[in-house]
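>>> no sequence for this one, just the structure:
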Ligand SMILES: Cc1ncc(COP(=O)(O)O)c(C=O)c1O
(Lines give C-alpha, C1' and ligand atoms only; values in the text may rest on other atoms or scores of the structure.)
Protein backbone atom coordinates (compact mmCIF):
# COMPACT_ATOMS: atom_id res chain seq x y z
CA UNK A 1 0.00 0.00 0.00
CA UNK A 2 1.14 3.56 -0.73
CA UNK A 3 2.20 5.56 2.33
CA UNK A 4 -0.56 7.92 3.51
CA UNK A 5 0.24 11.61 2.89
CA UNK A 6 -1.81 14.47 4.31
CA UNK A 7 -2.87 16.31 1.13
CA UNK A 8 -3.37 20.05 1.48
CA UNK A 9 -3.39 23.01 -0.90
CA UNK A 10 -0.25 24.27 0.90
CA UNK A 11 1.53 21.04 -0.05
CA UNK A 12 0.81 21.86 -3.71
CA UNK A 13 2.98 24.97 -3.39
CA UNK A 14 5.75 22.93 -1.77
CA UNK A 15 5.98 20.11 -4.28
CA UNK A 16 4.67 21.52 -7.58
CA UNK A 17 6.41 23.68 -10.17
CA UNK A 18 4.81 27.11 -9.65
CA UNK A 19 3.30 27.52 -13.14
CA UNK A 20 -0.31 27.20 -11.93
CA UNK A 21 -2.29 29.05 -9.28
CA UNK A 22 -5.17 26.66 -8.53
CA UNK A 23 -8.18 27.66 -6.41
CA UNK A 24 -7.86 27.17 -2.64
CA UNK A 25 -10.05 24.04 -2.48
CA UNK A 26 -9.18 20.49 -3.55
CA UNK A 27 -12.04 18.59 -5.22
CA UNK A 28 -12.09 14.89 -4.45
CA UNK A 29 -15.24 13.49 -6.07
CA UNK A 30 -17.62 14.32 -8.92
CA UNK A 31 -20.94 13.02 -10.15
CA UNK A 32 -22.69 14.50 -13.17
CA UNK A 33 -22.39 18.29 -12.84
CA UNK A 34 -21.74 18.30 -9.08
CA UNK A 35 -18.33 18.10 -7.41
CA UNK A 36 -17.35 17.74 -3.73
CA UNK A 37 -14.19 19.02 -2.07
CA UNK A 38 -12.11 17.57 0.77
CA UNK A 39 -14.37 19.23 3.34
CA UNK A 40 -17.49 17.68 1.79
CA UNK A 41 -18.68 20.98 0.33
CA UNK A 42 -20.65 20.60 -2.89
CA UNK A 43 -20.19 22.69 -6.07
CA UNK A 44 -22.11 23.03 -9.34
CA UNK A 45 -19.74 22.58 -12.27
CA UNK A 46 -20.13 25.10 -15.12
CA UNK A 47 -16.43 24.70 -16.04
CA UNK A 48 -16.30 21.07 -17.14
CA UNK A 49 -12.54 20.85 -16.64
CA UNK A 50 -12.18 23.61 -19.28
CA UNK A 51 -14.58 22.18 -21.85
CA UNK A 52 -13.44 18.60 -21.29
CA UNK A 53 -16.01 16.78 -19.14
CA UNK A 54 -18.59 16.75 -21.92
CA UNK A 55 -20.68 14.15 -20.12
CA UNK A 56 -20.06 15.46 -16.62
CA UNK A 57 -18.16 13.52 -14.00
CA UNK A 58 -18.16 9.71 -13.87
CA UNK A 59 -20.75 9.21 -16.61
CA UNK A 60 -21.74 5.51 -16.42
CA UNK A 61 -20.98 4.84 -20.11
CA UNK A 62 -17.44 6.20 -19.72
CA UNK A 63 -16.80 4.50 -16.38
CA UNK A 64 -17.93 1.19 -17.80
CA UNK A 65 -15.82 1.56 -20.98
CA UNK A 66 -12.77 2.41 -18.88
CA UNK A 67 -13.28 -0.46 -16.44
CA UNK A 68 -13.91 -2.95 -19.21
CA UNK A 69 -10.78 -1.93 -21.10
CA UNK A 70 -8.75 -1.79 -17.86
CA UNK A 71 -9.27 -5.53 -17.44
CA UNK A 72 -8.27 -6.27 -21.05
CA UNK A 73 -5.31 -4.25 -22.31
CA UNK A 74 -3.78 -0.94 -21.27
CA UNK A 75 -0.96 -0.14 -23.62
CA UNK A 76 1.01 -1.42 -26.58
CA UNK A 77 2.58 1.64 -28.29
CA UNK A 78 2.38 2.01 -32.04
CA UNK A 79 4.47 -1.04 -32.89
CA UNK A 80 1.11 -2.82 -32.53
CA UNK A 81 -2.32 -1.46 -33.28
CA UNK A 82 -5.38 -2.13 -31.12
CA UNK A 83 -9.13 -2.60 -31.48
CA UNK A 84 -10.40 0.51 -29.64
CA UNK A 85 -8.16 2.81 -31.73
CA UNK A 86 -9.34 1.35 -35.01
CA UNK A 87 -12.99 1.46 -33.93
CA UNK A 88 -12.71 5.08 -32.79
CA UNK A 89 -10.95 6.09 -36.02
CA UNK A 90 -13.67 4.38 -38.08
CA UNK A 91 -16.38 6.27 -36.18
CA UNK A 92 -14.61 9.62 -36.58
CA UNK A 93 -14.24 8.96 -40.31
CA UNK A 94 -17.89 7.91 -40.62
CA UNK A 95 -19.16 11.05 -38.90
CA UNK A 96 -16.94 13.77 -40.42
CA UNK A 97 -15.33 14.94 -43.70
CA UNK A 98 -12.19 13.02 -42.75
CA UNK A 99 -10.81 9.86 -44.29
CA UNK A 100 -7.79 9.38 -42.01
CA UNK A 101 -7.07 9.85 -38.31
CA UNK A 102 -3.88 10.38 -36.28
CA UNK A 103 -4.16 9.96 -32.51
CA UNK A 104 -2.37 12.11 -29.95
CA UNK A 105 -2.74 12.72 -26.21
CA UNK A 106 -3.72 16.39 -26.09
CA UNK A 107 -4.87 19.33 -28.15
CA UNK A 108 -1.40 20.78 -28.50
CA UNK A 109 -0.09 17.49 -29.82
CA UNK A 110 -2.93 17.18 -32.32
CA UNK A 111 -2.10 20.69 -33.56
CA UNK A 112 1.63 19.94 -33.62
CA UNK A 113 0.84 17.00 -35.91
CA UNK A 114 -1.41 19.18 -38.10
CA UNK A 115 1.24 21.89 -38.51
CA UNK A 116 4.02 19.41 -39.24
CA UNK A 117 1.80 17.62 -41.75
CA UNK A 118 0.96 20.93 -43.48
CA UNK A 119 4.65 21.82 -43.78
CA UNK A 120 5.51 18.37 -45.15
CA UNK A 121 2.57 18.42 -47.58
CA UNK A 122 3.72 21.81 -48.89
CA UNK A 123 7.36 20.72 -49.18
CA UNK A 124 6.45 17.57 -51.10
CA UNK A 125 3.99 19.30 -53.43
CA UNK A 126 5.45 22.76 -53.97
CA UNK A 127 8.99 22.99 -52.58
CA UNK A 128 10.81 24.48 -49.59
CA UNK A 129 9.66 28.07 -50.17
CA UNK A 130 6.05 27.23 -49.25
CA UNK A 131 6.41 27.37 -45.47
CA UNK A 132 4.34 30.23 -44.18
CA UNK A 133 1.77 29.41 -41.51
CA UNK A 134 -0.81 32.06 -40.72
CA UNK A 135 -2.87 32.14 -37.56
CA UNK A 136 -4.84 34.87 -35.78
CA UNK A 137 -4.47 37.29 -32.91
CA UNK A 138 -5.90 35.95 -29.62
CA UNK A 139 -5.86 32.38 -30.97
CA UNK A 140 -4.75 29.55 -28.74
CA UNK A 141 -3.41 26.28 -30.09
CA UNK A 142 -1.49 24.73 -27.18
CA UNK A 143 1.75 25.08 -25.25
CA UNK A 144 4.34 23.16 -27.25
CA UNK A 145 6.89 25.59 -28.68
CA UNK A 146 5.50 25.31 -32.22
CA UNK A 147 1.85 25.66 -31.20
CA UNK A 148 2.47 28.46 -28.73
CA UNK A 149 4.40 30.37 -31.40
CA UNK A 150 1.56 29.86 -33.85
CA UNK A 151 -0.88 31.01 -31.14
CA UNK A 152 -1.90 34.64 -31.05
CA UNK A 153 -0.33 35.73 -27.76
CA UNK A 154 3.39 36.41 -28.06
CA UNK A 155 3.66 36.61 -24.25
CA UNK A 156 3.20 32.83 -24.11
CA UNK A 157 6.05 32.13 -26.53
CA UNK A 158 8.53 34.86 -25.53
CA UNK A 159 11.52 34.00 -23.38
CA UNK A 160 12.22 30.47 -24.55
CA UNK A 161 14.90 31.14 -27.15
CA UNK A 162 14.64 31.19 -30.95
CA UNK A 163 11.09 30.55 -32.13
CA UNK A 164 10.06 28.41 -35.09
CA UNK A 165 9.94 30.73 -38.11
CA UNK A 166 7.66 31.55 -41.04
CA UNK A 167 4.66 32.16 -38.78
CA UNK A 168 2.46 35.26 -39.21
CA UNK A 169 -0.65 36.53 -37.48
CA UNK A 170 -3.72 38.17 -39.01
CA UNK A 171 -6.72 39.67 -37.25
CA UNK A 172 -9.61 37.31 -36.51
CA UNK A 173 -12.85 38.06 -38.39
CA UNK A 174 -10.91 40.45 -40.63
CA UNK A 175 -10.48 38.92 -44.06
CA UNK A 176 -8.53 41.87 -45.45
CA UNK A 177 -5.83 41.41 -42.81
CA UNK A 178 -5.46 37.78 -43.88
CA UNK A 179 -5.48 38.64 -47.57
CA UNK A 180 -2.63 41.08 -47.01
CA UNK A 181 -0.42 38.26 -45.64
CA UNK A 182 -1.26 35.47 -48.06
CA UNK A 183 0.79 34.44 -51.08
CA UNK A 184 1.82 31.33 -52.97
CA UNK A 185 4.25 30.73 -50.12
CA UNK A 186 1.44 30.27 -47.61
CA UNK A 187 1.35 26.65 -46.57
CA UNK A 188 -1.53 26.71 -44.08
CA UNK A 189 -4.00 28.91 -42.25
CA UNK A 190 -4.99 27.65 -38.80
CA UNK A 191 -7.98 28.96 -36.89
CA UNK A 192 -10.54 28.13 -34.25
CA UNK A 193 -14.07 28.37 -35.68
CA UNK A 194 -15.00 29.82 -32.28
CA UNK A 195 -12.02 31.35 -30.48
CA UNK A 196 -12.00 29.90 -26.98
CA UNK A 197 -9.20 31.12 -24.73
CA UNK A 198 -9.18 34.43 -26.65
CA UNK A 199 -12.61 35.35 -25.27
CA UNK A 200 -15.30 33.11 -26.87
CA UNK A 201 -15.37 34.89 -30.20
CA UNK A 202 -17.39 33.13 -32.92
CA UNK A 203 -15.99 33.24 -36.44
CA UNK A 204 -18.44 35.00 -38.76
CA UNK A 205 -19.67 32.70 -41.52
CA UNK A 206 -18.54 35.13 -44.26
CA UNK A 207 -15.09 35.27 -42.67
CA UNK A 208 -14.77 31.48 -42.40
CA UNK A 209 -15.94 31.13 -46.01
CA UNK A 210 -13.48 33.83 -47.05
CA UNK A 211 -10.60 31.98 -45.35
CA UNK A 212 -11.63 28.84 -47.23
CA UNK A 213 -11.67 30.73 -50.54
CA UNK A 214 -8.23 32.30 -49.93
CA UNK A 215 -6.79 28.89 -49.00
CA UNK A 216 -8.16 27.49 -52.26
CA UNK A 217 -6.80 30.44 -54.24
CA UNK A 218 -3.26 30.10 -52.84
CA UNK A 219 -3.14 26.30 -52.49
CA UNK A 220 -2.88 26.52 -48.72
CA UNK A 221 -4.36 24.06 -46.25
CA UNK A 222 -7.15 25.23 -43.96
CA UNK A 223 -6.70 23.81 -40.47
CA UNK A 224 -9.60 24.02 -38.04
CA UNK A 225 -8.58 23.77 -34.42
CA UNK A 226 -11.71 22.28 -32.86
CA UNK A 227 -9.95 21.24 -29.67
CA UNK A 228 -12.38 23.35 -27.63
CA UNK A 229 -15.35 23.65 -30.00
CA UNK A 230 -15.52 20.00 -31.05
CA UNK A 231 -17.45 16.88 -30.03
CA UNK A 232 -20.88 18.40 -29.57
CA UNK A 233 -19.94 21.50 -27.65
CA UNK A 234 -21.60 23.92 -30.08
CA UNK A 235 -24.61 21.68 -30.73
CA UNK A 236 -23.13 19.94 -33.77
CA UNK A 237 -20.55 17.17 -33.57
CA UNK A 238 -18.00 19.69 -34.92
CA UNK A 239 -18.52 23.43 -35.26
CA UNK A 240 -17.62 23.30 -38.98
CA UNK A 241 -20.92 21.50 -39.50
CA UNK A 242 -22.85 24.71 -38.81
CA UNK A 243 -21.69 26.12 -42.16
CA UNK A 244 -20.65 24.82 -45.56
CA UNK A 245 -17.01 25.51 -44.77
CA UNK A 246 -15.05 22.27 -44.59
CA UNK A 247 -11.40 22.34 -43.51
CA UNK A 248 -8.57 20.20 -44.88
CA UNK A 249 -7.33 19.23 -41.43
CA UNK A 250 -9.27 19.30 -38.15
CA UNK A 251 -7.89 18.83 -34.67
CA UNK A 252 -9.93 17.59 -31.72
CA UNK A 253 -9.21 16.80 -28.07
CA UNK A 254 -10.80 17.97 -24.76
CA UNK A 255 -14.41 16.63 -24.99
CA UNK A 256 -13.22 13.76 -27.19
CA UNK A 257 -12.16 11.77 -24.13
CA UNK A 258 -14.71 13.23 -21.74
CA UNK A 259 -11.91 13.58 -19.18
CA UNK A 260 -9.48 10.91 -20.35
CA UNK A 261 -6.51 12.52 -22.17
CA UNK A 262 -6.78 11.97 -25.92
CA UNK A 263 -6.48 14.08 -29.05
CA UNK A 264 -6.80 13.46 -32.76
CA UNK A 265 -6.00 15.01 -36.10
CA UNK A 266 -8.46 14.32 -38.90
CA UNK A 267 -7.74 14.81 -42.59
CA UNK A 268 -8.15 13.45 -46.09
CA UNK A 269 -6.33 10.48 -47.60
CA UNK A 270 -4.44 12.67 -50.07
CA UNK A 271 -3.08 15.00 -47.39
CA UNK A 272 -2.46 12.21 -44.87
CA UNK A 273 -0.26 10.39 -47.38
CA UNK A 274 2.53 12.91 -46.65
CA UNK A 275 3.01 11.59 -43.11
CA UNK A 276 4.86 8.48 -44.18
CA UNK A 277 6.17 5.79 -41.82
CA UNK A 278 8.59 7.36 -39.36
CA UNK A 279 7.77 11.02 -40.10
CA UNK A 280 5.80 11.60 -36.89
CA UNK A 281 4.64 9.64 -33.87
CA UNK A 282 3.84 9.27 -30.19
CA UNK A 283 4.33 6.47 -27.65
CA UNK A 284 0.85 6.88 -26.17
CA UNK A 285 -1.14 8.16 -29.16
CA UNK A 286 -4.00 5.75 -29.81
CA UNK A 287 -3.64 4.16 -26.38
CA UNK A 288 -6.38 1.51 -25.89
CA UNK A 289 -7.69 2.95 -22.60
CA UNK A 290 -8.00 6.45 -24.09
CA UNK A 291 -9.62 5.22 -27.28
CA UNK A 292 -12.08 2.94 -25.47
CA UNK A 293 -13.30 5.88 -23.36
CA UNK A 294 -13.38 8.22 -26.36
CA UNK A 295 -15.40 5.72 -28.34
CA UNK A 296 -17.99 5.58 -25.56
CA UNK A 297 -18.01 9.39 -25.36
CA UNK A 298 -18.48 9.74 -29.12
CA UNK A 299 -21.25 7.11 -29.20
CA UNK A 300 -23.06 8.91 -26.38
CA UNK A 301 -22.64 12.47 -27.66
CA UNK A 302 -23.17 11.95 -31.39
CA UNK A 303 -26.94 11.49 -31.02
CA UNK A 304 -29.57 14.00 -32.21
CA UNK A 305 -31.16 14.12 -28.72
CA UNK A 306 -27.87 15.06 -27.05
CA UNK A 307 -26.84 17.57 -29.71
CA UNK A 308 -30.27 19.24 -29.74
CA UNK A 309 -30.17 19.22 -25.95
CA UNK A 310 -27.02 21.35 -26.09
CA UNK A 311 -28.92 24.06 -27.97
CA UNK A 312 -31.83 23.88 -25.50
CA UNK A 313 -29.42 24.28 -22.61
CA UNK A 314 -27.84 27.24 -24.39
CA UNK A 315 -31.23 28.98 -24.41
CA UNK A 316 -31.69 28.35 -20.68
CA UNK A 317 -28.18 29.65 -19.94
CA UNK A 318 -28.87 32.77 -21.99
CA UNK A 319 -32.23 33.39 -20.28
CA UNK A 320 -30.72 33.01 -16.83
CA UNK A 321 -27.72 35.23 -17.65
CA UNK A 322 -30.03 37.87 -19.12
CA UNK A 323 -32.13 37.85 -15.92
CA UNK A 324 -28.99 38.26 -13.77
CA UNK A 325 -27.78 41.07 -15.99
CA UNK A 326 -31.13 42.84 -15.85
CA UNK A 327 -30.73 43.07 -12.07
CA UNK A 328 -27.01 43.70 -11.83
CA UNK A 329 -25.86 45.18 -15.17
CA UNK A 330 -22.39 43.64 -15.40
CA UNK A 331 -22.28 42.24 -18.96
CA UNK A 332 -22.34 43.99 -22.31
CA UNK A 333 -23.21 40.80 -24.19
CA UNK A 334 -23.24 37.00 -24.03
CA UNK A 335 -21.58 35.31 -27.01
CA UNK A 336 -20.64 31.83 -28.16
CA UNK A 337 -22.60 28.79 -29.13
CA UNK A 338 -24.08 25.78 -27.37
CA UNK A 339 -22.29 24.97 -24.14
CA UNK A 340 -19.40 27.32 -24.92
CA UNK A 341 -20.59 30.71 -23.77
CA UNK A 342 -18.83 33.89 -22.74
CA UNK A 343 -20.40 36.68 -20.69
CA UNK A 344 -18.49 39.80 -21.70
CA UNK A 345 -17.97 42.21 -18.81
CA UNK A 346 -19.09 45.78 -19.44
CA UNK A 347 -16.78 48.79 -19.10
CA UNK A 348 -17.36 49.07 -15.35
CA UNK A 349 -16.12 45.50 -14.71
CA UNK A 350 -13.56 45.14 -17.53
CA UNK A 351 -10.42 43.28 -16.50
CA UNK A 352 -12.11 41.63 -13.52
CA UNK A 353 -13.12 38.19 -14.82
CA UNK A 354 -10.94 36.45 -12.21
CA UNK A 355 -12.88 38.20 -9.43
CA UNK A 356 -16.07 36.64 -10.80
CA UNK A 357 -14.37 33.23 -11.02
CA UNK A 358 -13.21 33.44 -7.39
CA UNK A 359 -16.55 34.75 -6.11
CA UNK A 360 -18.32 31.93 -7.97
CA UNK A 361 -16.10 29.34 -6.23
CA UNK A 362 -16.94 31.04 -2.90
CA UNK A 363 -20.62 30.60 -3.70
CA UNK A 364 -20.26 26.93 -4.67
CA UNK A 365 -19.91 27.24 -8.44
CA UNK A 366 -17.10 26.37 -10.84
CA UNK A 367 -16.94 28.95 -13.64
CA UNK A 368 -14.07 29.90 -15.98
CA UNK A 369 -12.51 32.98 -17.45
CA UNK A 370 -11.55 33.53 -21.10
CA UNK A 371 -9.10 36.39 -20.77
CA UNK A 372 -9.54 39.30 -18.34
CA UNK A 373 -12.89 40.53 -19.72
CA UNK A 374 -14.95 37.38 -20.21
CA UNK A 375 -16.54 34.92 -17.79
CA UNK A 376 -16.72 31.59 -19.61
CA UNK A 377 -19.11 28.68 -19.16
CA UNK A 378 -18.24 25.26 -20.63
CA UNK A 379 -20.29 22.77 -18.62
CA UNK A 380 -21.30 19.21 -19.37
CA UNK A 381 -23.34 18.88 -22.57
CA UNK A 382 -25.92 16.93 -20.59
CA UNK A 383 -26.05 19.12 -17.48
CA UNK A 384 -29.52 18.72 -15.92
CA UNK A 385 -31.84 21.74 -16.01
CA UNK A 386 -32.02 21.75 -12.20
CA UNK A 387 -28.23 22.11 -12.00
CA UNK A 388 -28.30 25.03 -14.44
CA UNK A 389 -30.94 26.78 -12.31
CA UNK A 390 -29.07 26.09 -9.06
CA UNK A 391 -25.72 27.11 -10.61
CA UNK A 392 -27.24 30.37 -11.83
CA UNK A 393 -28.61 31.13 -8.34
CA UNK A 394 -25.08 30.79 -7.06
CA UNK A 395 -23.70 32.83 -9.95
CA UNK A 396 -26.10 35.64 -9.14
CA UNK A 397 -24.78 35.64 -5.56
CA UNK A 398 -21.24 35.73 -6.95
CA UNK A 399 -22.11 38.71 -9.14
CA UNK A 400 -23.62 40.49 -6.14
CA UNK A 401 -20.46 39.68 -4.14
CA UNK A 402 -18.20 41.21 -6.82
CA UNK A 403 -20.43 44.28 -7.00
CA UNK A 404 -20.26 44.77 -3.25
CA UNK A 405 -16.45 44.58 -3.63
C1 LIG B 1 -8.52 25.78 -29.28
C2 LIG B 1 -7.49 25.07 -28.46
N3 LIG B 1 -6.47 24.46 -29.06
C4 LIG B 1 -5.53 23.78 -28.37
C5 LIG B 1 -5.57 23.72 -26.99
C6 LIG B 1 -4.50 22.98 -26.26
O7 LIG B 1 -5.01 21.77 -25.81
P8 LIG B 1 -4.20 20.97 -24.68
O9 LIG B 1 -4.20 21.81 -23.46
O10 LIG B 1 -4.98 19.67 -24.54
O11 LIG B 1 -2.83 20.73 -25.21
C12 LIG B 1 -6.61 24.36 -26.32
C13 LIG B 1 -6.65 24.34 -24.85
O14 LIG B 1 -7.26 25.16 -24.20
C15 LIG B 1 -7.59 25.05 -27.06
O16 LIG B 1 -8.62 25.69 -26.45
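On my side now, so go ahead. The shown structure was predicted, so the numbers you read here are calculated from the model rather than taken from an experiment.
>>> And for the residue in the stretch 251-400 of the chain positioned nearest to the ligand, the neighbour number?
Using C-beta to the nearest ligand atom, the single residue of the stretch 251-400 of the chain nearest to the ligand is residue 253, 4.8 Å away. Every C-beta, even on glycine, is put in place using the N, C-alpha and C of the backbone. Residue 253: 29 surrounding residues under other C-beta atoms under 10 Å.
>>> Equivalent analysis for the one 5 residues further on, please.
Residue 258 has 30 neighbouring residues, counting by other C-beta under 10 Å.
>>> what about whatever residue of the stretch 101-250 of the chain ends up closest to the ligand, how many neighbours?
At 2.4 Å from the ligand, residue 107 is the closest residue in the stretch 101-250 of the chain, using C-beta to the nearest ligand atom. Neighbours of residue 107 under the rule other C-beta under 10 Å: 28.
>>> again with residue 248
Residue 248 sits with 25 neighbouring residues when counted by other C-beta under 10 Å.
>>> Kindly report the same for residue 163.
If you count neighbours by other C-beta under 10 Å, residue 163 ends up with 14.
>>> Nearest spatial neighbour of residue 302, chain-adjacent residues omitted?
Among residues not flanking residue 302 along the chain, residue 237 sits closest, at 5.4 Å (C-beta to C-beta, 6 or more residues apart in numbering).
>>> Pull the contacting residues for that neighbour.
Taking C-beta atoms under 8 Å, 6 or more residues apart in numbering, we find residue 237 in contact with 95-96, 230-231, 301-302, 307.
>>> do that again at 7 Å, thanks
Residue 237 makes contacts with 95, 231, 302, as judged by C-beta atoms under 7 Å, 6 or more residues apart in numbering.
>>> JSON lines for these, including pLDDT?
What follows is the contacts of residue 237, written out as JSON lines (pLDDT from 0 to 100):
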{"residue": "95", "pLDDT": "98"}
{"residue": "231", "pLDDT": "98"}
{"residue": "302", "pLDDT": "98"}
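>>> related to what we said a few turns ago, could you give the secondary structure assignment for the residue nearest to residue 302?
Look at residue 237: counting by DSSP: H, G, I helix; E, B strand; the rest coil, its state is coil.
>>> got a pLDDT number for it?
Looking at residue 237, its pLDDT reads 98.
>>> any idea how far it is from residue 80?
Going from residue 237 to residue 80 by C-beta to C-beta, to the nearest Å gives 29 Å.
>>> before we move on, what about residue 5?
Distance from residue 5 to residue 80, by C-beta to C-beta: 37 Å.
>>> and what of residue 137?
43 Å.
>>> In terms of packing, which of the two has more residues around it?
Neighbour tally, residue 137 and residue 80, criterion other C-beta under 10 Å: the higher count belongs to residue 137, 16 against 9.
>>> Which residue, neighbours along the chain excluded, lies closest to that one?
residue 152 (4.3 Å).
>>> Helix or strand for that neighbour, just tell me which one.
For residue 152, there is no enclosing helix or strand under DSSP states H and E.
>>> do the same with the one 10 residues further on
Secondary-structure assignment from DSSP H and E places residue 162 in no helical or strand segment.
>>> Just give me the neighbour total for it.
Counted with other C-beta under 10 Å, residue 162 comes out at 6.
>>> Quick check: it vs residue 153, distance?
18 Å.
>>> same question, residue 214
23 Å.
>>> These two - which one has more neighbours?
residue 214 (19 against 16).
>>> Test my guess that the residue nearest to residue 137 contacts residue 141.
No - between residue 152 and residue 141 there is no contact under C-beta atoms under 7 Å: 8.6 Å.
>>> Compare the two and say which is more crowded by neighbours.
A count of neighbours by other C-beta under 10 Å puts residue 141 above the other of residue 152 and residue 141, at 28 against 21.
>>> Verify the contact between that one and residue 225 for me.
Yes - between residue 141 and residue 225 there is a contact under C-beta under 7 Å: 5.5 Å.
>>> so what sits against both of the two?
With C-beta under 7 Å, 6+ apart, residue 141 and residue 225 have common neighbours 111, 190.
>>> Contact residues of the stretch 251-400 of the chain facing the ligand?
Residues of the stretch 251-400 of the chain lying near the ligand by C-beta under 6 Å from any ligand atom: residue 253.
>>> And the strands in the stretch 251-400 of the chain, which stretches?
Remark: strands assigned in the stretch 251-400 of the chain by DSSP state E, counting those that start in this stretch are 263-267, 331-337, 340-345, 365-366, 368-369, 374-377.
>>> TSV for the ones you listed, including distance to residue 389 and mean neighbour count?
TSV is the format used below for those (distance: least, C-beta to C-beta, whole Å; neighbours: other C-beta atoms under 10 Å):
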stretch	distance to residue 389	mean neighbour count
strand 263-267	34	28
strand 331-337	17	19
strand 340-345	16	26
strand 365-366	12	24
strand 368-369	19	22
strand 374-377	14	28
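>>> Am I right that residue 233 is in a strand?
No - the assignment for residue 233, made by three-state DSSP, is coil rather than a strand.
>>> Identify the residue spatially nearest to it, adjacent ones excluded.
Closest to residue 233 by C-beta to C-beta, 6+ apart is residue 340, at 5.0 Å.
>>> Which residues are in contact with the one you found?
51, 194, 196, 200, 228-229, 233-234, 378.
>>> Need the per-residue pLDDT for the residue nearest in space to the middle of the chain.
Closest residue to the average C-alpha location of the chain: residue 228 at 1.9 Å, with C-alpha atoms, centre = their mean. Residue 228 carries a pLDDT value of 98.
>>> what number of residues lie near residue 111?
29.
>>> Pretty sure it sits against residue 225.
Yes - contact status for residue 111 versus residue 225: in contact at 6.0 Å, counting by C-beta under 7 Å.
>>> shared neighbours, those two?
Taking C-beta under 7 Å, 6+ apart as the contact rule, residue 111 and residue 225 both touch 141, 251.
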